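Trainee: What shape does this take:
(one chain, ligands or ions: 1)
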Amino acid sequence: MILVTTAGKVGSEAACLLTQREVPVRVLVRDPEKAKALANAGAEIAVGDLGVPASLDEAMEGVTSVVLVSPAVPAQELNVVASAARAGVGHIVKATSKASADSPIARRRWQTEIEAGLAASGVPHTLLRSNAYMQNVLALAPAIAKTSGFGSAAGKGRTGMIDARDVGTVAAEIAASPAPHAGQTYWLTGPELISNYDVAAVLSKLLGRTITYTELGFGENRDAMIRAGVPQQIAEMNAQAFALTADGDAEWVTDDVPSLLGRPARSFEQFAADYATAFS
Ligand SMILES: NC(=O)c1ccc[n+]([C@@H]2O[C@H](COP(=O)([O-])OP(=O)(O)OC[C@H]3O[C@@H](n4cnc5c(N)ncnc54)[C@H](OP(=O)(O)O)[C@@H]3O)[C@@H](O)[C@H]2O)c1
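Mentor: Purely as a prediction, here's the structure:
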């Protein structure tokens, strides 16, 4: 049995692919209503909370591998690691980012703390260190639909953006056959570096009208996200990440996805076409 915490962008894809391969999979969610499609596809649903260790211990029954993909909150993810260690789980696949202990972005420092706890637990594991997810662009869809434009503090910076579905596919693959991946860190990216000007060009072609990208300052970008409903702390961290992107921080692309999956990583064009209805 593979346990996937949670049914977000990456977790739902991983769980769905495992059900298609008829690998027994259990998904930990807070709200089973949100996991109905996964239940219909054949996944077992465990209702629990990452902040409640007893619910994790219950979900960990009979589990051989865990896909750990949730907000990078150290206390919560370390609860999962401790529960997995208690249950004698054989492998944890952890979704993470370009983490470092001295990053100016709190979320990246928290990821480092979680990774250190995972290493100290002794549970064999694999780190999936992904570049920014293409699905983040979906957060801009309402603004694009309304104003035919979007803005960011990322300037002209380019990103090796990855489709979160590819991260989910890699996670499922490793969780199902973990042995060769123990102790490995994979740097997951899409096939190319793209800027927000490229994003605007792809969306303009897809939608048949001009989508305009505007370069914003850090504060302007943070405040726009807060106005759009993003919690203040998350808006701050996102705007910090975009400002670093402007300075080349996300300019990295690897062959890890094709090496692991034996097929190319999805391009931004493919992603945009698959999610076209969200932008129109
Ligand atoms: N987004 C990116 O560009 C990016 C890039 C690299 C790495 N990462 C890393 O990937 C990981 C996942 O990020 P994401 O953006 O993919 O997440 P996401 O899609 O927003 O999914 C997070 C999930 O966690 C669930 N959740 C939140 N708190 C919970 C709790 N206390 N108990 C149980 N479930 C809970 C949410 O469920 P509800 O529906 O109940 O809220 C949601 O389904 C993070 O570690 C992040 O740092 C993200």
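Trainee: Show the average pLDDT along the helix or strand containing V4.
Mentor: Element membership of V4, judged by DSSP states H and E, is strand 2-5. Averaged across strand 2-5, the pLDDT comes to 98.
Trainee: Dump it to PDB, restricted to CA.
Mentor: What follows is strand 2-5, C-alpha atoms only, in PDB (Å, rounded to 0.1, in the frame of the first residue of the first chain):
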ATOM      1  CA  ILE A   2       1.300   3.500  -0.900                       C
ATOM      2  CA  LEU A   3       0.100   6.500   1.100                       C
ATOM      3  CA  VAL A   4      -0.100   9.800  -0.600                       C
ATOM      4  CA  THR A   5      -0.300  12.900   1.600                       C
END
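Trainee: May I have the strands that pair with it, each with its orientation?
Mentor: Using DSSP bridges, the strands paired with strand 2-5 are strand 25-29 (parallel), strand 65-68 (parallel).
Trainee: Out of those strands, which one sits most buried?
Mentor: strand 65-68 (a mean of 28; mean count of other Cβ atoms under 10 Å). Glycine gets a C-beta too; all of them are placed from N, C-alpha and C.
Trainee: Just after it, pick out the following helix or strand.
Mentor: The first helix or strand that comes after strand 65-68 along the chain, using DSSP H and E, is helix 74-87.
Trainee: Can you confirm whether the helix or strand following that following helix lies near the ligand?
Mentor: Counting by DSSP H and E, the element after helix 74-87 in chain order, helix or strand, is strand 91-96. Yes: Strand 91-96 reaches the ligand (Cβ under 6 Å from any ligand atom) through A95, T96.
Trainee: and the strand holding V4, how far from the chain's centre?
Mentor: 15 Å (Cα atoms, centre = their mean, to the nearest Å).
Trainee: before we move on, back to that, quick one: the strands paired with strand 2-5 as a markdown table, columns for mean pLDDT and distance to G88 too.
Mentor: Listed next are these as a markdown table, based on pLDDT from 0 to 100; distance: least, Cβ to Cβ, whole Å:
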| stretch | mean pLDDT | distance to G88 |
| --- | --- | --- |
| strand 25-29 | 98 | 16 |
| strand 65-68 | 98 | 12 |
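Trainee: Tell me which of these lies nearest to the ligand.
Mentor: Of all these, strand 25-29 sits nearest to the ligand, with 6.2 Å by Cβ to the nearest ligand atom.
Trainee: can you list the residues of the stretch 101-250 of the chain near the ligand?
Mentor: R107, S130, A132, Y133, N136, A164.
Trainee: could you redo the last one with a cut-off of 5 Å?
Mentor: With Cβ under 5 Å from any ligand atom as the criterion, the stretch 101-250 of the chain meets the ligand at residues S130, A132, Y133, N136.
Trainee: that older thread, with distance to the ligand added, can I get the strands paired with strand 2-5 in a markdown table?
Mentor: Putting the strands paired with strand 2-5 into a markdown table (distance: least, Cβ to the nearest ligand atom, whole Å) gives the following:
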| stretch | distance to the ligand |
| --- | --- |
| strand 25-29 | 6 |
| strand 65-68 | 8 |
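Trainee: which of the residues of the stretch 101-250 of the chain next to the ligand tops the neighbour count?
Mentor: Counting neighbours by other Cβ atoms under 10 Å, S130 leads these with 25 neighbours.
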